[in-house]
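A.B. asks: what follows is a protein structure lacking sequence information:
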């Protein structure tokens, strides 16, 4: 059996729906024979382990543990969905305090038990903030920590495909940037529909402005729609996309959907947000994006919203003031993206 790597992959939060699906997806994709699943909920975790063993995957040494040191030690790649899930009536931002504390502990565990980790993917919401906290406390480089943001762009792809009655493959380069939340910036200028720029279609009979605004709203509320339909938050799509991200970091096919990455430049300062990126064996490469004036305005608003969440976490004492970040992770004071 051929694998991308023999390095240890840790899936944290594996007793949950996202984490358990991540573990199964990683095994189906033959990423590595060395997979450890971790969750503090020991009984549920053992149940996941039993089910995965019943799948009879060949060549995989699957282990499970609810012990933090055992789980993290030696891990070279980590995907974490280890936060509280979003429930009906909640926004991603409602999860802020509890999941921010989990992210702090997670980052400290990475620093303590596996400082040589190559790449970490953070999935639990609000992912931009939990990823930022993880990056700060882990001491890793910005290219080594990414967050799940592609889901918003793939939802835009799905909505446009459905609206135009075409194959999703004919929707090229659908993109959202900024925060993975209610204030995301949905771009049209990057996208082509069956070979034609989406910006040339919006405002015509083929896609009236009103319909485009409704599409944008459905994308922004895509997670809420899944909760309304299924009675629980998304798990299949975030599980698959996050494992695609870690597979790319292992040297597999590059991941070219936007991911959340650390941004610190003259425009956006000390924040984690979705940008145009590519994840590969050297980690996340950030590519500056330029949209229409309206899109740029929406991106600025998304950034300001993320800054408010970041500052709230600082106020809660979970992160220190930005001026002190360099003491924990010196690379965060350097320009990025």
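C.D. replies: On my side now, so go ahead. It should be emphasised that the depicted structure is a prediction, and the values quoted were computed from it without experimental measurement.
A.B. asks: what segments of the chain are strands?
C.D. replies: 8-12, 34-38, 61-65, 75-80, 119-122, 145-147, 171-172, 175-177, 185-187, 192-193, 196-197, 259-263, 271-280, 283-287 (DSSP state E).
A.B. asks: mind checking the end-to-end distance for stretch 74-83?
C.D. replies: 22 Å (Cα to Cα, to the nearest Å).
A.B. asks: and of the strands of the chain, who's closest to residue 135?
C.D. replies: strand 145-147 (4.4 Å; Cβ to Cβ). Where you see a C-beta, it was placed from the backbone N, CA and C, and this is true even at glycine.
A.B. asks: give the other helices and strands that that closest one contacts.
C.D. replies: With contacts defined as 3 or more Cβ pairs under 8 Å, 6 or more residues apart in numbering; DSSP states H and E, strand 145-147 has these neighbours: strand 119-122, helix 127-138, strand 259-263, strand 271-280.
A.B. asks: other residues contacting that strand?
C.D. replies: The contact list for strand 145-147 (Cβ atoms under 8 Å, 6 or more residues apart in numbering) reads 119-123, 127-128, 130-131, 134-135, 138, 180, 245, 259-262, 272, 277, 279, 283-284.
A.B. asks: also stretch 19-33?
C.D. replies: Stretch 19-33 is touched from outside by 1-9, 11-14, 35, 37, 39, 48, 51-52, 55, 57, 59-62, 77, 79, 81-82, 235-236, 239-240, 242-243, 246-247, 250, 252, with contacts defined as Cβ under 8 Å, 6+ apart.
A.B. asks: now the buried members of those.
C.D. replies: Buried residues within those, counting neighbours by 16 or more other Cβ atoms under 10 Å: 4-5, 7-9, 11-14, 35, 37, 39, 48, 52, 57, 60, 62, 77, 79, 81-82, 235, 239-240, 242-243, 246-247, 250, 252.
A.B. asks: and residue 236, what does it touch?
C.D. replies: residue 21.
A.B. asks: doesn't residue 278 make contact with residue 256?
C.D. replies: Yes - counting by Cβ atoms under 8 Å, residue 256 touches residue 278, with 5.4 Å between them.
A.B. asks: hey, where'd the helices end up in this protein?
C.D. replies: With DSSP state H applied, the chain shows helices at 17-28, 42-54, 68-72, 96-113, 127-138, 150-164, 209-220, 222-230, 236-249, 293-315, 325-328, listed in chain order.
A.B. asks: hey, least reliable of those by pLDDT?
C.D. replies: Among the helices of the chain, helix 222-230 has the lowest mean pLDDT, at a mean of 87.
A.B. asks: pretty sure residue 260 is touching residue 272, no?
C.D. replies: Yes - in this structure, residue 260 is within contact of residue 272 by Cβ under 8 Å, at 5.2 Å.
A.B. asks: now the common contact residues for those two.
C.D. replies: If you check residue 260 and residue 272 against Cβ under 8 Å, 6+ apart, the residues they both contact are 128, 131, 147.
A.B. asks: and these, which are buried?
C.D. replies: 128, 131, 147.
A.B. asks: in CSV, list the residues you listed along with distance to residue 297.
C.D. replies: Shown next, in CSV, are those (distance: Cβ to Cβ, whole Å):
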residue, distance to residue 297
128, 19
131, 24
147, 23
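A.B. asks: closest one to residue 199 out of the residues you listed, please.
C.D. replies: Nearest to residue 199 among these, counting by Cβ to Cβ, is residue 128 at 26.6 Å.
A.B. asks: nearest spatial neighbour of that closest one, skipping sequence neighbours?
C.D. replies: residue 272 (4.7 Å; Cβ to Cβ, 6 or more residues apart in numbering).
A.B. asks: next one: residue 216
C.D. replies: Closest residue in space to residue 216, ignoring its immediate chain neighbours: residue 186 at 4.4 Å, by Cβ to Cβ, 6+ apart.
A.B. asks: quick one: contacts for the one you found?
C.D. replies: Contacts of residue 186 (Cβ under 8 Å, 6+ apart): 152, 156, 176, 216, 219-220, 298.
A.B. asks: top of these by neighbour count?
C.D. replies: residue 176 (29 neighbours; other Cβ atoms under 10 Å).
A.B. asks: quick check: closest non-adjacent residue to that residue.
C.D. replies: Closest to residue 176 by Cβ to Cβ, 6+ apart is residue 152, at 4.0 Å.
A.B. asks: residue 274 is in contact with the one you found, correct?
C.D. replies: Yes - assessed by Cβ under 8 Å, residue 152 is found in contact with residue 274 at 7.2 Å.
A.B. asks: so which bits of stretch 262-278 are buried?
C.D. replies: Under the neighbour-count criterion of 16+ other Cβ under 10 Å, stretch 262-278 has 262-264, 268, 270-278 buried.
A.B. asks: biggest separation within those, which pair?
C.D. replies: 270 and 278 (22.6 Å).
A.B. asks: and the spatially closest residue to residue 235 that is not a sequence neighbour, how many neighbours?
C.D. replies: Counting by Cβ to Cβ, 6+ apart, residue 17 is the residue found nearest to residue 235 once chain neighbours are left out, at 3.8 Å. Using other Cβ under 10 Å, residue 17 has 18 neighbouring residues.
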